[in-house]
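In: Sequence and predicted model, in that order:
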Amino acid sequence: MKFSYCQHRHDAPDPKAPALEIKGLGVSYASEEKLALKDFDISVPAGSAMALVGPNGAGKSTLFKAICGLLPVRTGNIRVFGHPLGACHHRVVYLPQRSEIDWHFPISVLDLVVMGRYVYLGWFNRPQKRDIDIARHALKEMNVLDLADRQISKLSGGQQQRVLIARALSQNADLLLLDEPLNAVDVSTRQTVAEVLHKIKAQGKTVIVATHYYDQEEGRYDKAIYLKDGKKISGADHKEDPTHKDCDCT
Amino acid sequence: MTHYLTDPLQYVFIQRALVAAVIIGVLCAALGTFVVLRRMAVVGHALTHSALPGLVIAYLMGTSLFAGALIATVATALGIGFLARDENVYEDTLVGMVPNIMFAFGILLISTTRSFRDLFSMLFGNILGVTEGDLHLIMLIAAVSLLALFLFYKELKLFSVDPNYAKTIGLPVKLMHYGILLFLSFTVVVGIQAVGTVLTNALLVIPVAAARLLTDRLGRMMALSCVFAVISAIGGIYLSYYFGSASGASIVMFASLIFAIAWIGSKFR
């Protein structure tokens, strides 16, 4: 017997709809009047990889948080796989910046990755062998299976990132929103992340990556969206923008 | 030698106190684990001090002290949560301010009775004075709270380690936050019986802090915290019996001794 988490239905994705469709989106933080993201439109076809490029404070994390329901939508609307927000949230996974996790919490890497299965378990059900196997497989994909029993505070920055991606993989979502997954990680983690993103895309999943490193990785994405001060700008405007250098796009 | 352990057990009030101490110890340590890990120790402190006016009013009216303390702590918990929604009032300021107001109000009320005799047991607990009725209430509150912890253990774990992810998969995080405050209020009210308003937070925090030094797994930490809390509670009662010391303070000093040993032990791990 399953008791799903609050209000969230698990509708099947509409195969004909884009993975993500946003029209006239306006988002603000609860404590602010000013919109952190305004008049934002986007349509991301299923199975594509898209880069979200812009300096700090451009609105990249704000957009992800709005898509996940972490921030309220002030204007416009968001549809995920043809459904309104919340209708198929098990199909969407948001990979936050590492600083948003309490890495000193006393749990193992495997415990953290198994949390990716909770959305399917709902209230009262405990993870079963199948869930543990899925989590272990995700750790293997990220080349960190040997860390399964390690306490999460004992991970390096790159290992933390791999573990978070493993949790996202164990959720088996179709739309992955990755917030700066390549920030301050070692070369081998970057390579592993790039390989896994390629594999995810090959499986028909949709990936949107907020990145500071687009110029180095342009070939990995089907499209890039540029953001500045909460608004979409063109690629040409982005290159001319003096804050462009903040993006480490060397 | 064993008569030192068995002698006190001939008294019914000691037997009741020991049963109450074990239950209160387990409850405080189990919930205290999440209180400590969610960095809510200061909220526990606020709630313990806020119970005093409820206790005093109930005492003056001749009604249940439990009910009085419970109403005062729940009202404080919800009040802090409500006032904190105003961006110009910081939550940590409220947590620092409200308990002092409530505590002062409690002292003010009891000063009007011109009797400070009962104030001592409210402030510092009197587990040796637990009645049959108190014990039943303690058992009921502990059973409900521990059942809730067991049922929502998985969600509490996720909510504590990554609240944003918890929200994205649909967990009602605000409701869970208020739920923790509510059960914390229940636990505080039960803890007050053992160690009083001033020292209850110590029973919530010290055994958990000691366990945290010795393990980095949540389940083990919770189990160790419970063991430490129970040892402290029982040890404190025996200390109180043989040396005539205040029972609440003895329990807390026992817990502090365990923390000191755990701290030294952790340096040799």
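Out: Thanks, I have the structure now.
In: Give me every residue in chain A lying close to chain B.
Out: In this structure, chain A approaches chain B at residues A:4-8, A:31, A:65, A:68-70, A:86, A:89-90, A:92-94, A:96, A:100-102, A:105-108, A:111-112, A:115, A:118-119, A:121, A:123-124, A:126-127, A:151-153, A:167, judged by Cβ under 8 Å from any Cβ of the partner chain. Quick note: C-beta positions are derived from backbone N, CA and C, even for glycine.
In: I'd like to know how many residues surround residue 44.
Out: Let's take chain A. Counted with other Cβ atoms under 10 Å in any protein chain shown, residues neighbouring A:Val44 total 21.
In: other chain: chain B
Out: 27.
In: which SSE is it in?
Out: helix B:41-61 (DSSP states H and E).
In: Give me the residue at the spatial middle of chain A.
Out: A:Leu177 (2.1 Å; Cα atoms, centre = their mean).
In: mind checking the SS state of that residue?
Out: Following DSSP: H, G, I helix; E, B strand; the rest coil, we place A:Leu177 in the strand state.
In: returning to what we had before: in PyMOL, how would I select just the buried ones from the residues of chain A next to chain B?
Out: The buried subset of the residues of chain A next to chain B, as determined by 16 or more other Cβ atoms under 10 Å in any protein chain shown, is captured in PyMOL by this line:
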select buried, chain A and resi 4+5+8+65+68+69+70+86+89+90+92+93+94+96+101+105+106+107+108+111+112+115+118+119+121+127+151+152+167
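In: Inside helices: which ones of the residues of chain A next to chain B?
Out: A:65, A:111-112, A:118-119, A:121, A:167 (DSSP state H).
In: Go through these and say which is closest to B:Ile234.
Out: A:Asp111 (32.2 Å; Cβ to Cβ).
In: right, and B:Val173 touches B:Phe159 too?
Out: Yes. Using Cβ atoms under 8 Å, B:Val173 is in contact with B:Phe159, at 6.1 Å.
In: what's the weakest-modelled helix or strand in chain B?
Out: Within chain B, no helix or strand scores below helix B:117-124, which has a mean of 72 by mean pLDDT, DSSP states H and E.
In: need the next SSE after that helix, C-terminal direction.
Out: helix B:132-151.
In: Give me the buried positions along that next one.
Out: Quick answer for helix B:132-151 (16+ other Cβ under 10 Å): B:134-135, B:137-138, B:141-142, B:145-146, B:148-149.
In: A:Gly26 in helix, strand or coil?
Out: Looking at A:Gly26 with three-state DSSP, the answer is strand.
In: Is there a neighbour count for it? I'd like the number.
Out: 16.
In: How about A:Phe3?
Out: A:Phe3, neighbours per other Cβ under 10 Å, totals 9.
In: which ones are touching it?
Out: By Cβ atoms under 8 Å, 6 or more residues apart in numbering or on different chains, the contact list for A:Phe3 reads A:122-125.
In: B:Cys28 too?
Out: Going by Cβ under 8 Å, 6+ apart, the list of residues near B:Cys28 reads B:187, B:190-191, B:200, B:203-204, B:207, B:229.
In: Recalculate using a threshold of 10 Å.
Out: B:35, B:44, B:142, B:187-188, B:190-191, B:194-195, B:200-208, B:225-226, B:229-230, B:232-233, B:255 (Cβ atoms under 10 Å, 6 or more residues apart in numbering or on different chains).
In: same deal with B:Val130?
Out: Contacts of B:Val130 (Cβ under 10 Å, 6+ apart): B:13, B:16-21, B:24, B:137-138, B:193-194.
In: now stretch A:96-104: how far from the chain's centre is it?
Out: 14 Å (Cα atoms, centre = their mean, to the nearest Å).
In: Endpoints of that stretch, how far apart?
Out: 17 Å (Cα to Cα, to the nearest Å).
In: That's all I had, so thanks and see you.
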